[in-house]
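Asks: Got a predicted structure here, sequence first:
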Amino acid sequence: MKHNEPVERMRVSFDLDEVLFVSPATHRIERPLPFPLSRFFPERLRYGTPDLIRSLQKLGYSVWVYTSSFRSERYIKLLFFLYGVRFDGIVNGERHLREVQRGHQTIFPQKMPQKYRISLHIDDESIVVTQGREYGFNVYQLNAQDDDWKEKIIARAEQIKRLRQMERMEHAGT
């Protein structure tokens, strides 16, 4: 990398179900959208989701959704827009099948964040954490109610960013 080349923003992605979309019976949630929008968008956002996404973006991160669900990109964009959030990228189940699996005989994991240069993926499933170790991508596991979840995710993203910066400096010195 040359000194005058811009450094690409680090990407952080979120799964939807049980991460950003949660049950009010088990998690604190954002205020539901007003009727009739709440009928079109029945999902409930984990409390603090819009604030966390905007905070990450203000810190210079590119924030994505990476979900194995088949909700359309348009649906996801509109739902989060109504909460004042815009994602920098969205990978749903259909896009993953089209761009990652692409007819390969070998079945790839349900998520391959490195394909999209995602540095940190937040997911609830332990299988995704295991696949992260196996395939070499960073996963932060989030499932239970945690009032400090936003701070923990920002801290993990900052830790990865510092490690990447140190690696770039070491690489530039060689």
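Replies: Received, thanks.
Asks: chain center to the lengthiest helix in the chain, what's the gap?
Replies: In the chain, assigned by DSSP state H, the helix with the most residues is helix 149-173. With Cα atoms, centre = their mean, to the nearest Å as the basis, helix 149-173 stands 16 Å off its chain's centre.
Asks: Output the contacting helices and strands for that helix.
Replies: helix 49-58, strand 118-123, strand 139-141 (3 or more Cβ pairs under 8 Å, 6 or more residues apart in numbering; DSSP states H and E). Just so you know, the C-beta spots here come from the backbone N, C-alpha and C atoms, and that holds for glycine as well.
Asks: What residues of it count as buried?
Replies: Within helix 149-173, the residues that count as buried by 16 or more other Cβ atoms under 10 Å are 149-150, 153-154, 156-157, 160-161.
Asks: How about stretch 67-82?
Replies: In stretch 67-82, counting by 16+ other Cβ under 10 Å, buried: 67-68, 71, 75-76, 79-80.
Asks: just stretch 93-101 next, same as before
Replies: For stretch 93-101, burial by neighbour count (16+ other Cβ under 10 Å) applies to 95-96, 100.
Asks: what's the angle between the helix or strand of the chain with the lowest mean pLDDT and helix 49-58?
Replies: Using mean pLDDT, DSSP states H and E, helix 149-173 stands out as the lowest-scoring helix or strand of the chain, at a mean of 91. Helix 149-173 and helix 49-58 are oriented at 20 degrees to each other (axes from the mean of the first three to the mean of the last three Cα atoms, to 10 degrees).
Asks: residues near the closest residue to residue 14 other than its chain neighbours, how many?
Replies: Leaving aside its sequence neighbours, residue 14 sits nearest to residue 122 (Cβ to Cβ, 6 or more residues apart in numbering; 4.8 Å). Residue 122 has 23 neighbours, counted by other Cβ atoms under 10 Å.
Asks: thought residue 122 was touching residue 142?
Replies: Yes - the pair residue 122 and residue 142 qualifies as a contact (Cβ atoms under 8 Å) at a distance of 5.5 Å.
Asks: all helices of the chain, in order?
Replies: Under DSSP H, the chain gives helices at 37-40, 49-58, 73-81, 93-96, 126-135, 149-173.
Asks: Nearest to residue 116, out of these?
Replies: helix 93-96 (9.4 Å; Cβ to Cβ).
Asks: What mean pLDDT does that closest one get?
Replies: Averaged across helix 93-96, pLDDT comes to 95.
Asks: and that helix, how far from the chain's centre?
Replies: 15 Å.
Asks: now the helices of the chain as CSV including distance to residue 11?
Replies: Shown next, in CSV, are the helices of the chain (distance: least, Cβ to Cβ, whole Å):
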stretch, distance to residue 11
helix 37-40, 29
helix 49-58, 10
helix 73-81, 16
helix 93-96, 15
helix 126-135, 15
helix 149-173, 10
